[in-house]
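Engineer: just need the structure, nothing else, for what follows:
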Amino acid sequence: MFIIGLCGGSSSGKSTAIDYLLKQFGDKTALVAFDSYYISRPDLVFEERRMINVDVPEAIDREEIYRNILLLKEGKTIQQPVYSFETFLRESVTQETAPAPILLVDGIFSFYFEEIRNLFDLKVYIDADVDVRLSRRILRDMNVRHRPLEYIIDQYFTKVKPMHEVYVEPYKKYADIIIPHNRNDENDFRILGNLVKTFLHEEQTR
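Structural biologist: Below you'll find the model as predicted:
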């Protein structure tokens, strides 16, 4: 198994990179997303949950995601949690994920946790300018997560941006590859696709 850690700020283009790789390599890939591992707080009412700062590492169940990556590496199927960004809770269903030759681990904190970072064979940081990330986040949160503009802007400047500067941007130093992605162009990820092709070819010829 070849494990690729994908890091980068919110709306930098990590999901676009993943979509590109999934289209190229299909069932040869598996995905573990940090967004699935937010700690659920059903004891809080909705208004309290929506105010939780999920842009800090403490919002992630690091032990669970680490354990699941190890299980996949051992060739075992896992049940990933499913987190709702509309209710701010985990759903009752889980996502069955089987091991594959390529494991993608995606999240803003994927380089932050040392024990997880050390599992990666390749560390990729997706980089985008702050204004590009903000515009993409506004469009995503309005159209996909159905959040009001005022809430999006407030969350970005009080939580997302300052936490990015503390917990995400400084860990770019661990990247093996930094991929700029200011255009909405999948071709930015061709170099990453070529690296995956090289690994798969080497596996087939062993």
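Engineer: all the strands of this protein, residue numbers only.
Structural biologist: Using DSSP state E, the strands assigned to the chain run over residues 2-7, 29-33, 78-84, 89-97, 102-106, 122-127, 177-180.
Engineer: mind listing what the shortest one pairs with, with the direction of each?
Structural biologist: Right, strand 177-180. Paired neighbours of strand 177-180 in the sheet (DSSP bridges): strand 122-127 (parallel).
Engineer: same deal with the longest one?
Structural biologist: Strand pairing for strand 89-97, determined by DSSP bridges: strand 78-84 (antiparallel).
Engineer: report the angle between the partner strand and strand 29-33.
Structural biologist: 50 degrees (axes from the mean of the first three to the mean of the last three Cα atoms, to 10 degrees).
Engineer: got the buried residues for strand 78-84?
Structural biologist: Neighbour-count burial for strand 78-84 flags Ile78, Gln80, Pro81, Tyr83 (criterion: 16 or more other Cβ atoms under 10 Å). Backbone N, C-alpha and C define where each C-beta goes, glycine included.
Engineer: any idea how far the third one is from Glu64?
Structural biologist: This points to Pro81. 8 Å (Cβ to Cβ, to the nearest Å).
Engineer: which residues do the two both contact?
Structural biologist: Tyr37 (Cβ atoms under 8 Å, 6 or more residues apart in numbering).
Engineer: please work out which of the strands of the chain is packed deepest.
Structural biologist: Stretch with highest mean neighbour count among the strands of the chain: strand 2-7 (a mean of 25; mean count of other Cβ atoms under 10 Å).
Engineer: and the contacts of it?
Structural biologist: Contacts for strand 2-7 (Cβ under 8 Å, 6+ apart): 14, 17-18, 69, 73, 101-111, 116-117, 119-126, 168, 171-172, 175, 192, 196, 199.
Engineer: please repeat the previous calculation with a cut-off of 7 Å.
Structural biologist: 14, 17-18, 101-106, 108, 110-111, 117, 119-126, 171, 199 (Cβ atoms under 7 Å, 6 or more residues apart in numbering).
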